[in-house]
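Q: just need the structure, nothing else, for what follows:
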Amino acid sequence: MLPDINFIRVFYRKDTLVGTVQTDPNTHCCVFEYDTARVRDGFSLSPTELPLQKGIFHADPDLYGGAFAIFEDSIPDGYGLLLLDRILRNQGMTIKDLSPLQRLAIVGKSGMGALSYVPVMTGFQKHAEILGTGPLDAIQDEALAILSEKSTGDPGLLYYNSANSGGARPKAVMRLEDGSHWIVKFRHTYDSPDIGRNELLYMKTALECGINIPRIGLVKDKYFAIERFDIGADGKRIHTATAAALLKTDFRKCDVDYTNLLALTGYLTQDPAAVEEMFRRMVFNIVAINKDDHSKNFTFLCMDGKWELAPAYDITYSPEGTRGEHATSVFYNGNPGIDLVLKAGTEIRIPEKRCMEIINRIESVCRKNLPKCNFLTPQL
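A: Residues are numbered from 1 along each chain as shown. Next comes the predicted model:
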């Protein structure tokens, strides 16, 4: 059995106290209070959920099991959650047996972004960053064996190497000798052997379309690698929040619309260029047939109290989606046409002429680079 956790102290960059999370004994939901110094000198962790002010915040009992969305953002999903569940099952437990505070204590100081949680649940944070490329084939083989249930393997080792990163595909963190930090992605059992090269193609095409992406590469000619944007060039952690957390929604429900993302971008950044960038990503996902465009695949960064749209990631060919539709809809249409795309742009004050310029450029680049496209405009 894991120890009970009565409270969690939340830290920014591991040394600055942000506040404290506890469980309300009456509702069994989480409550949070900012540290006094944080209210005076800090910034809000989530303007939509925890605005920077004095007083006690109560989590919504109908969301995240009574936990706060911004802290649940630190919990791994998909592959990481599967590995964590395997570790817990070896101890006679499951994920469902954990309280929200125990989940945060397991993340401890090893999560993505700038938040860390104390006390730390020992035995879950000793991940070792990989230097070089030697162990990657072994990690791929072990991940496939566990995912296909051909081996119980060592889920702990894989979990440590993934550093609580999200997504369905296996991942590992890598720190290069130049000090840069990367995430290396491996294939799942249902992926083709060339999944890494395909993702590289789609990300390069997005860049050519004018979309902001991190540095990317291919390791050993098969493993897609992307530089982490939650760690700055100075090595300091950057506070991140996904659209799912900021909108307080479960990304698995696919209940977010691109109009929500456009409005959220404008509200947080107050930057028309960032809103146009979100519109560009919407158009690219539709044209390039990336239907895995759920709300955890859009992230915002907070740089010294100023919010900005994080670089794009997890862009690839994904035709299945949710029942054949995009995870994020446009005016709640999962396979929108140009009329709804233009309406989404003009209603957020992007001129229709500019919307068409973006659409035409993206379609031109995708037609040249990608094998399959869903064109919004008639093709001659």
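Q: poorly predicted segments of the protein, please.
A: 1, 122-134, 149-167, 380 (pLDDT under 70).
Q: could you redo the last one with a cut-off of 80?
A: 1-3, 78-87, 90-92, 94, 122-134, 146-168, 379-380 (pLDDT under 80).
Q: the domain parsing of it - what is it?
A: With domains defined by automatic domain parsing, the chain comprises 7-118, 136-227, 239-369.
Q: residue 375 is nearest to which of those?
A: Nearest to residue 375, of all the domains of the chain, is domain 239-369, at 5.5 Å by C-beta to C-beta. C-beta coordinates here come from the backbone N, C-alpha and C atoms, glycine included.
Q: so which residue is dead centre in this protein?
A: residue 296 (4.5 Å; C-alpha atoms, centre = their mean).
Q: list the contacts of it.
A: 77, 166, 242, 243, 244, 251 (C-beta atoms under 8 Å, 6 or more residues apart in numbering).
Q: out of those residues, who's nearest residue 41?
A: The closest of the contacts of residue 296, once distances to residue 41 are taken by C-beta to C-beta, is residue 242, at 25.5 Å.
Q: surely the closest one is in contact with residue 73?
A: Yes. Between residue 242 and residue 73 there is a contact under C-beta atoms under 8 Å: 5.6 Å.
Q: the protein: strands as residue ranges?
A: 7-12, 16-23, 30-34, 56-58, 115-118, 171-175, 181-185, 216-219, 223-227, 239-242, 299-303, 306-309 (DSSP state E).
Q: redo those strands as JSON lines? Include mean neighbour count.
A: Putting the strands of the chain into JSON lines (neighbours: other C-beta atoms under 10 Å) gives the following:
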{"stretch": "strand 7-12", "mean neighbour count": "19"}
{"stretch": "strand 16-23", "mean neighbour count": "18"}
{"stretch": "strand 30-34", "mean neighbour count": "21"}
{"stretch": "strand 56-58", "mean neighbour count": "13"}
{"stretch": "strand 115-118", "mean neighbour count": "22"}
{"stretch": "strand 171-175", "mean neighbour count": "23"}
{"stretch": "strand 181-185", "mean neighbour count": "21"}
{"stretch": "strand 216-219", "mean neighbour count": "15"}
{"stretch": "strand 223-227", "mean neighbour count": "22"}
{"stretch": "strand 239-242", "mean neighbour count": "23"}
{"stretch": "strand 299-303", "mean neighbour count": "20"}
{"stretch": "strand 306-309", "mean neighbour count": "19"}
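Q: turn those into TSV, columns for distance to residue 90.
A: Output for these, formatted as TSV (distance: least, C-beta to C-beta, whole Å):
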stretch	distance to residue 90
strand 7-12	24
strand 16-23	26
strand 30-34	27
strand 56-58	35
strand 115-118	23
strand 171-175	21
strand 181-185	26
strand 216-219	30
strand 223-227	28
strand 239-242	29
strand 299-303	32
strand 306-309	40
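Q: burial of the closest residue to residue 320 other than its chain neighbours, as a residue count?
A: Leaving aside its chain neighbours, residue 320 sits nearest to residue 291 (6.6 Å; criterion: C-beta to C-beta, 6 or more residues apart in numbering). Neighbour count for residue 291, taken as other C-beta atoms under 10 Å: 24.
Q: cool, residue 360 as well?
A: Count around residue 360 with other C-beta under 10 Å applied: 13.
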